[in-house]
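Trainee: Give me a model of this one.
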Amino acid sequence: MEATFEKALVKGFEKVDYLVSSLNGFPHITKGGRWLENRNGHWTGGFWTGLLWLHYLETGEERFKEEALLRAGQLACRRNDNTTHDQGFIFGPSCIMGYNITGNMELKKQALDGAGNMFDLYDRHVELIRAWAETDYERIAIVDTMMNLPILLWAADQANKKVYWELALSVIDVIQKYHIREDASTYHVVRWDESYRITGGTHQGYADETCWSRGQAWAFYGFANVYRYTGNAEYLEQANQLARYYIDHLDADYQARWDFVFGDDTSQPVDSSAGAIAASGLLLLAQLYKQMGNEKQYQYFKTNGEAIVRSLIEHCLYERTDCYGILEKATVDLPRNSGIGESTMYGDYYFMEALYRIKYEDNEEKIALLY
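Mentor: Sure thing, here's the model as predicted:
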């Protein structure tokens, strides 16, 4: 592992170590550099727990294992929460990864319950999983769901529930049909009316026909991961196309503006969290192609994934320990003026996951522990 990456890995875990003793709740995003916390984990509690598992895997220190188990246990309050599609985010890096590491059966049970919550949000008329069971969101699905579908595939295998597997595959097919444009960009949101006519749009992007960069990252990482769980070559090819669109729309510094419509317009903020998600997703793609013996694709995605990590280190790594997270310059939701130039728990987690993928590229057992 080159020195630049090793130094960033050490720095990131220093921040995790500091936060363990300074936080009460689950960190979500920062406001003015200070973490906003919540008790039930919101949709990001799994990422804080995942950072603790990564720290344990790196150092072997039991205190991080115990803290990860504690935090995963605190997420038990969400095991019957069927109001959000974010079950993979909540239970994947926390309980599935924790189960992979420890064999703890309670973590497995929590994750299986989370998968059941996904099933409850399925709308059979359109074959999509609703994003939220909330007023005014009754007929909305978002592309972020691609990152949550692996919990259904995992649960189908663990609990021998074929219906989970079939549901996940049907949702993936509909996402391909309605979320992905001909040029391999994505609609963040699809909506359907009372007659079940589906149209594309956005929620956090600039406009309905533009491409929100974080949504594009969620999409291609998600397709790469469902290929990992299913072995379906169609999903790998879809991930490839979506990832290439993402790479082709970065600026000269390998940074992504919050929406790709802005190109390299420096008056618009970047989203470091999109970069972190994308970097880890690209490195996952590289690993998958390496396993297939496809050297050309492996080198392409490895080179671009590592280039994004270097750029994040140069431009977004926050050096002080007592405020912000590991990365600054995230853009949470610009249309609603939320979290601009801040840190996010998902950005920090995927940045460290990307560094973990780099360091343990040749250790398939360690890589296989990830959700």
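Trainee: measure Glu209 to Gly200 for me?
Mentor: Note on Glu209: its distance to Gly200, by CB to CB, to the nearest Å, is 8 Å. Placement of C-beta: from N, CA and C, glycine included.
Trainee: So for these two, which sits in the more crowded spot?
Mentor: Gly200 (17 against 13; other CB atoms under 10 Å).
Trainee: Now do the helix or strand hosting the more buried one, average pLDDT.
Mentor: With secondary structure defined by DSSP states H and E, Gly200 is part of strand 198-201. In this model, strand 198-201 has an average pLDDT of 96.
Trainee: who does it touch, helix- and strand-wise?
Mentor: If contacts are counted by 3 or more CB pairs under 8 Å, 6 or more residues apart in numbering; DSSP states H and E, strand 198-201 sits against strand 189-192.
Trainee: what helices or strands is the strand it packs on leaning on?
Mentor: strand 140-142, strand 198-201.
Trainee: what element comes up after the first one heading to the C-terminus?
Mentor: Sequence-wise, the next helix or strand downstream of strand 140-142 (DSSP H and E) is helix 150-159.
Trainee: What residues of that following helix count as buried?
Mentor: 150-156 (16 or more other CB atoms under 10 Å).
Trainee: Can you tell me which of those is closest to Tyr318?
Mentor: Pro150 (29.8 Å; CB to CB).
Trainee: what about Ala115, distance to Asn304?
Mentor: Ala115 is 32 Å from Asn304, by CB to CB.
Trainee: more crowded one of these two?
Mentor: Higher neighbour count among Ala115 and Asn304: Ala115, with 27 against 22, using other CB under 10 Å.
Trainee: picking up where we left off before, in the sheet, which strands lie alongside the strand holding Gly200, parallel or antiparallel?
Mentor: strand 189-192 (antiparallel) (DSSP bridges).
Trainee: and the helices and strands packed on strand 189-192, which is most packed in?
Mentor: strand 140-142 (a mean of 23; mean count of other CB atoms under 10 Å).
Trainee: which residues make contact with that one from outside it?
Mentor: 85, 126, 128-132, 175, 188-191, 203, 215 (CB atoms under 8 Å, 6 or more residues apart in numbering).
Trainee: Please repeat the previous calculation with a cut-off of 10 Å.
Mentor: Residues outside strand 140-142 that contact it (CB atoms under 10 Å, 6 or more residues apart in numbering): 85, 121, 123, 126-132, 134, 171, 174-175, 178-179, 187-192, 198, 201-204, 212, 215, 218.
Trainee: Give the partner strands of that strand in its sheet and their orientations.
Mentor: In its sheet, and by DSSP bridges, strand 140-142 pairs with strand 189-192 (antiparallel).
Trainee: Might you calculate how far the partner strand sits from the centre of the chain?
Mentor: Distance of strand 189-192 from the chain centroid (CA atoms, centre = their mean, to the nearest Å) equals 21 Å.
Trainee: cool, stretch 215-227 as well?
Mentor: Worked out by CA atoms, centre = their mean, stretch 215-227 lies 8 Å from the chain centre.
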